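*Asks:* Sequence isn't available, so here's the structure alone:
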C-alpha cells in the first residue's frame with residue numbers, strides 16, 4: 001500500500017467512499033468537516049492545507065465523489081520516527097456509525113508502515129469526556145492486537161485558556177495489519 005493508493009470503501013448499499021492521502025485541494029474540505037463536527041478544536045484553514053501538503057503520507061481523506069467526508073491528520077514524531085501521532089479524526093455526521101473513522105486509521109497506519117520506516121506505535125491525546133474517541137482508539141488497539149496505555153501529558157496548566165487536560169494514549173507495538181473483516 002503506497003501513499004498514492006486509494007481505497008474504495010462501501011458505506012452503504014449505494015455509495016462508495018474513496019480513502020487516499022490528501023492533496024492541497026482537499027484542505028478546505030478537511031477544514032469544513034472539522035468545523036461541522038462541532039467537537040474538534042478548529043484550526044485555521046491554513047493548517048489543514050499545510051497538513052495536506054507537508055504531511056500527506058501520514059494523513060488520509062475520505063471522499064464521496066469529490067467531497068471530503070472525513071479525514072485523519074497525523075505525523076511521525078521527529079524524535080521518535082517509529083511513532084505516529086494522530087492529531088485529529090473527523091467524519092461528516094451522515095458518515096458516522098459506518099466504521100469510516102476506524103478504516104481511515106487502519107489505512108493510514110498500514111500505508112505509513114510501508115511508505116518509510118515502520119510505525120511501531122500510535123499516539124494520540126483525548127480529553128476525558130470524549131468517549132467516542134476513546135472507543136475509536138480502543139477498537140483500533142484491539143484490531144491491531146496491541147496494548148493501549150494512558151498517561152498524563154497535556155495538563156490544564158499547559159494551555160493559555162480553559163482547555164481540558166489531554167492524556168496521551170499510546171498504542172503498540174503494532175504487530176500486524178487487521179483483517180478487513182475486523183474493522
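*Replies:* Good, I have the coordinates. Model, not experiment: these values are computed from the prediction.
*Asks:* CA atoms for contacts and neighbours, from now on please.
*Replies:* OK.
*Asks:* average model confidence for the lengthiest helix in the chain?
*Replies:* Criterion DSSP state H: the longest helix present in the chain is helix 100-115. Here the mean pLDDT over helix 100-115 is 86, rounded to a whole number.
*Asks:* Now that residue 134 has come up, it's in contact with residue 125, right?
*Replies:* No. Because the distance of 9.4 Å does not satisfy Cα atoms under 8 Å, residue 134 is recorded as not touching residue 125.
*Asks:* List of residues touching the next helix or strand along the chain from the longest helix of the chain?
*Replies:* Counting by DSSP states H and E, the next helix or strand C-terminal to helix 100-115 is strand 121-125. Under the criterion Cα atoms under 8 Å, 6 or more residues apart in numbering, residues 82-87, 166-174 lie in contact with strand 121-125.
*Asks:* between those residues, which is closest to residue 157?
*Replies:* Distances from those to residue 157 were compared by Cα to Cα; the smallest belongs to residue 166, at 11.2 Å.
*Asks:* Check whether that closest one really touches residue 127, as I assumed.
*Replies:* Yes. Taking contacts as Cα under 8 Å, residue 166 lies within contact range of residue 127: 4.7 Å.
*Asks:* thinking again about what came up before, so residue 134 and residue 125 - more neighbours on which side?
*Replies:* Set side by side, residue 134 and residue 125 show unequal neighbour counts under other Cα atoms under 10 Å, the larger going to residue 125 at 22 against 17.
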